[in-house]
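K.L.:
Quick one, structure for this:
(2 chains)
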Amino acid sequence: MSWLRQIGAVTLLSLRTIPQRLGSSAVAVIGIAGVVIVFVAVLSIAEGFFAAMRGAGSPTRALVMRSGADSEMTSGLGGPETDIIKQAPGIFRDGPRVLASAELFVIIDLPKRSTLTPANVPMRGIEPTAFQVRDEARLVEGRMLQFGTNEMVAGRSASRQFAGLSVGSEVKAGQVTWTVVGIFEAGGSAAETELWCDAHALQGAYRRGNSYQSVLVRLESPQSFDTFKNWLTSNPQLNVSVRREIEYYSAQSALLTRLIRTVGFGIAALMGIGAVFGAILTMYTAVATRAREIATLRALGFNTVSVLISVLAESLVLAALGGALGGIAAYIGFNGYQTSTINFQTFSQVAFAFAVTPSLLIQGLGYALMMGFIGGLLPAVRAARLPISSALREL
Amino acid sequence: MKFLPLVWRSLWRRKIRTIFTLLSIFVAFLLFGLLMTIRAAFSLGIDLAGLDRLVLIHKVSLIMPLPVSYQTRLQAVPGVEMATHNTWFGGIYQEPTNFFAQIALQPEAYLKMYPEVHLPPEQLRAWLGDRQGAVAGRDLADRFGWKIGDRIPIQATIWRPKGGGSAWEFNLVGIYDAEPGFDKTNFFFRYDYLDENRQGGEGLVGWYVVKIQDSSRSREMGATFDEMFANSPAETKTTTEKGFVESFAKQIGDIGAIMIAILAAVLFTILLVVGNTMAQAVRERTSELAVLKTLGFSNLRILTLVLAESLFIAMLGGGLGLALAWLFVQGGDPTHGMLPAFVLPRRDVITGVWLMAVVGVLAGLLPATTAVRLKITDALRRN
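P.N.:
Residues are numbered from 1 along each chain as shown, chains lettered A, B, ... in the order given. You can find the predicted model right below:
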């Protein structure tokens, strides 16, 4: 018991003296906060991108493409083939309506709002069932496009990221002029970066004849996927690959997410070394300035372990403070920051928001504490080993 | 100069502190070098893109093809030196994750258009003699361990062969090298082979590259081309190659801005640590400095002594860090050709050296001015 009391007393004492060493303590705190900001901010890019891509997929939807195609961009299906696909079992049927949408996926050049440089914006030709197939998509402004005309509805993120996509504006692409008649949302997912128009109108505009690139279907239930897939893959008239939509989008996000995470962890690890040196210096300074005080405590009979723990605790408290500050700053500065990047698989833009998730904040705090522990260890040992007599003489 | 030993001695009076400070700066500039390399990789060789080369793409979007007949029409325009076309193949080698660019092109014209690409003459001869011939960039060949003579199968995603299935086969007849910064991860093969053997799409190409005689007329020439094809089924949009590469790099997002924001955070943190250390080092020596002043050292000399110390730490630590980054980059791309370029641009090295000087001066400035302002009597009494 007395051990614990000793440790408590000495730790409290050293914490109470922090204000006297505000300058050098602030260095450690800010150094660690800097690392945590960068760590959390970089990883929040990966989190945001992953969330947008994954959110675009649903386990109850399946995507049919030509076999061998790794993305909608490179897939191609003839009109008759899409009609066969729509007869497959396992598709959700709403009375006479089959919840399947044969679609085209192309890109169109539009200026990015922030830089006014051209960007590859994805444009999707849909069938009237598309909004029923994607039940999370809903119009939030304007009206639905009229099929058979050159009208389109733009995703919320697309209208935010690219210039000239508000309701009523016209988009000229080659010899076709599209009119934006509505804005839709789809739960903040990558689908919101797309422009949707009538598939037949798009076939004409891009000279695609009666061909599509994919068929998206709503399944009766996630379990009916196998029935659906087996029927299609065993059909000799078809040569297609069938994927759950959620798996398709997760696979597309894998490369970039992994790249950002590697870069983020790499930078944070290197920066962390710098911050640990900063913390070590701060704690050595703290020990040096308190040498006499520590020696006095030792002379009074406080044991080495309590001195050691008190120095470590001080370092950990400073680190926790830095971690918390860094996390808060990263949250305020970056959470929800809207941006877009190119998805190399489909060669088109994906808009997403930086996502500072609770798990990232906890990781950041944990990293801060780790830096504080490493930074405090050597100085703590030095403090515990301080020769009492010479330290008392020191100024 | 004769005071160098004095600076040296005061640096090492607290070895551990100096070493940790050196290491902090070392790490900061190591990061600087690596981040600048990443930034350069993502800017995709913008510095090398020529101003006398114009790129023509379909006006609606890059993915729309253009007719092959435009080549002769372009070459007939006065002021045009030559025109050639490229076509994106977008195939898969073994696994979809093994991504690299495959481009169908006209070998001789391409090499004439891009003198920065070096292909040995005998390999070019072999390429011209083999329809299925292909050449790969040095980095790409290293990534997959390809040797000349290898047969390389690639699965089509866009252009399927006439014979059915999706496999195309190429003979690797050459490996090209290129000036630093030029993408050495490409796979080039002959357009005539593609065009004769694909199902559909005959006579279509991806984009044109046109070399003009007078680069100052690029804007005007671009407008001429676009006018020439206006109101045709395939209208074009012409930009300089530099503008084209730049705008594509911008599509990735502002990698440059993110890297600079990170570096600002790193350098700020380091400045704080070093500044604090320097301040402390000077504070400890208050009485010594006072003695020096008593001995007749001028304010300027005291200032120089303190600044020299912090500059020395910054330059040594930073120099070593940057040197290690440079060595690392020389060692080659750790992603084995996933990044289009892996070089530490000379310009960034120079910026780095400047930054070291700035960090050194800023970190030393506060303690140096305190040292200058020191009143001898006060300082001596303090002890």
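K.L.:
Now the element after the longest helix seen in chain B, going C-ward?
P.N.:
Longest helix in chain B by number of residues (criterion: DSSP state H): helix B:299-330. Where DSSP states H and E defines the elements, the next helix or strand beyond helix B:299-330 is helix B:346-373.
K.L.:
Is chain A within reach of the longest helix of chain B?
P.N.:
No. Helix B:299-330 stays clear of chain A (CB under 8 Å from any CB of the partner chain), getting no nearer than 9.9 Å. Heads up, the C-betas are built off the backbone N, CA and C, glycines and all.
K.L.:
tell me what that helix is packed against?
P.N.:
With contacts defined as 3 or more CB pairs under 8 Å, 6 or more residues apart in numbering or on different chains; DSSP states H and E, helix B:299-330 has these neighbours: helix B:4-11, helix B:15-42, helix B:255-284, helix B:286-294, helix B:346-373.
K.L.:
So which of the ones you listed is nearest residue A:307?
P.N.:
For those, the distance to residue A:307 is smallest for helix B:15-42, at 19.4 Å, taking CB to CB.
K.L.:
tell me which residues in the helix or strand harbouring residue A:305 are buried?
P.N.:
Per DSSP H and E, residue A:305 falls inside helix A:304-334. Across helix A:304-334, burial judged by 16 or more other CB atoms under 10 Å in any protein chain shown covers A:306-331, A:334.
K.L.:
packing partners for the longest strand along chain A?
P.N.:
Determined from DSSP state E, the single longest strand within chain A is strand A:100-111. If you count contacts as 3+ CB pairs under 8 Å, 6+ apart, strand A:100-111 packs onto helix A:79-85, strand A:118-126, helix A:130-133, strand A:170-173, helix A:199-205, strand A:211-212, strand A:214-218.
K.L.:
Recalculate using a threshold of 7 Å.
P.N.:
If you count contacts as 3 or more CB pairs under 7 Å, 6 or more residues apart in numbering or on different chains; DSSP states H and E, strand A:100-111 packs onto strand A:118-126, helix A:130-133, helix A:199-205, strand A:211-212, strand A:214-218.
K.L.:
of all these, which lies closest to residue B:222?
P.N.:
Closest of the helices and strands packed on strand A:100-111 to residue B:222 is strand A:118-126, at 14.2 Å (criterion: CB to CB).
K.L.:
Only the C-alpha atoms, please, for that closest one, written as PDB.
P.N.:
In PDB, the C-alpha atoms belonging to strand A:118-126 read as follows (Å, rounded to 0.1, in the frame of the first residue of the first chain):
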ATOM      1  CA  PRO A 118     -10.900  18.700 -67.100                       C
ATOM      2  CA  ALA A 119     -11.900  15.600 -65.200                       C
ATOM      3  CA  ASN A 120     -13.200  12.200 -66.200                       C
ATOM      4  CA  VAL A 121     -16.700  12.200 -64.800                       C
ATOM      5  CA  PRO A 122     -18.600   8.800 -64.900                       C
ATOM      6  CA  MET A 123     -21.800   8.800 -66.800                       C
ATOM      7  CA  ARG A 124     -24.300   6.000 -66.600                       C
ATOM      8  CA  GLY A 125     -27.000   5.100 -68.900                       C
ATOM      9  CA  ILE A 126     -29.800   3.500 -66.900                       C
END
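K.L.:
tilt between it and strand A:214-218?
P.N.:
Counting by axes from the mean of the first three to the mean of the last three CA atoms, to 10 degrees, strand A:118-126 lies at 60 degrees to strand A:214-218.
K.L.:
Strand partners (parallel or antiparallel) of strand A:118-126?
P.N.:
Strands that pair with strand A:118-126, judged by DSSP bridges, come out as strand A:100-111 (antiparallel), strand A:195-198 (parallel).
K.L.:
looking at the ones you listed, which is buried most?
P.N.:
Per-stretch averages of neighbours, counted by mean count of other CB atoms under 10 Å in any protein chain shown, single out strand A:195-198 among the strands paired with strand A:118-126, with a mean of 26.
K.L.:
quick one, strands of the stretch 251-395 of chain A?
P.N.:
Applying DSSP state E, counting those that start in this stretch to the stretch 251-395 of chain A gives strands spanning A:338-343, A:348-353.
K.L.:
Which among these is found nearest to residue B:100?
P.N.:
strand A:338-343 (16.6 Å).
K.L.:
Who are the packing partners of that closest one?
P.N.:
Strand A:338-343 sits against strand A:348-353, helix B:241-252, with contacts defined as 3+ CB pairs under 7 Å, 6+ apart.
K.L.:
Quick check: which ranges of the stretch 251-383 of chain B have low pLDDT?
P.N.:
Along the stretch 251-383 of chain B, segments meeting pLDDT under 70 span B:255-256, B:333-341, B:382-383.
K.L.:
Would you mind naming what in it lies close to chain A?
P.N.:
Proximity of the stretch 251-383 of chain B to chain A (CB under 7 Å from any CB of the partner chain) is limited to residues B:251-253, B:262, B:265-266, B:268-270, B:272-273, B:276-277, B:280.
K.L.:
So which residues on the stretch 101-250 of chain A come close to chain B?
P.N.:
Within the stretch 101-250 of chain A, the positions near chain B by CB under 7 Å from any CB are A:106-109, A:115, A:117-120, A:173-174, A:206.
K.L.:
Least confident of the strands paired with strand A:118-126, on average?
P.N.:
Lowest mean pLDDT within the strands paired with strand A:118-126: strand A:100-111, a mean of 92.
K.L.:
contact partners of the longest strand along chain B?
P.N.:
For chain B, the longest strand by residue count, based on DSSP E, is strand B:167-178. Under the criterion CB atoms under 7 Å, 6 or more residues apart in numbering or on different chains, residues B:91, B:116-120, B:123-124, B:126-127, B:130, B:132-138, B:141, B:146, B:148-156, B:161, B:184, B:189 lie in contact with strand B:167-178.
K.L.:
Centre of the chain to it, how far?
P.N.:
Offset of strand B:167-178 from its chain centre (CA atoms, centre = their mean, to the nearest Å): 25 Å.
K.L.:
mean confidence for the very next helix or strand once past it?
P.N.:
Next helix or strand after strand B:167-178 toward the C-terminus (DSSP H and E): strand B:187-190. Mean pLDDT, computed over strand B:187-190, is 96.
K.L.:
Please save the CA atoms from strand B:187-190 in CSV.
P.N.:
This file holds the C-alpha atoms of strand B:187-190, laid out as CSV (Å, rounded to 0.1, in the frame of the first residue of the first chain):
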residue,chain,number,x,y,z
PHE,B,187,4.4,-1.9,-72.8
PHE,B,188,4.4,-0.9,-76.4
PHE,B,189,3.3,-3.1,-79.4
ARG,B,190,2.4,-2.6,-83.0
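K.L.:
Tell me the residues of the stretch 1-150 of chain B that contact chain A?
P.N.:
Going by CB under 7 Å from any CB, the residues of the stretch 1-150 of chain B near chain A are B:17, B:20, B:23-24, B:27-28, B:30-31, B:38, B:59-64, B:90, B:92, B:96-97.
K.L.:
max-length helix in chain A?
P.N.:
Looking across chain A with DSSP H, the single longest helix is helix A:245-289.
K.L.:
With that, I have no additional questions.
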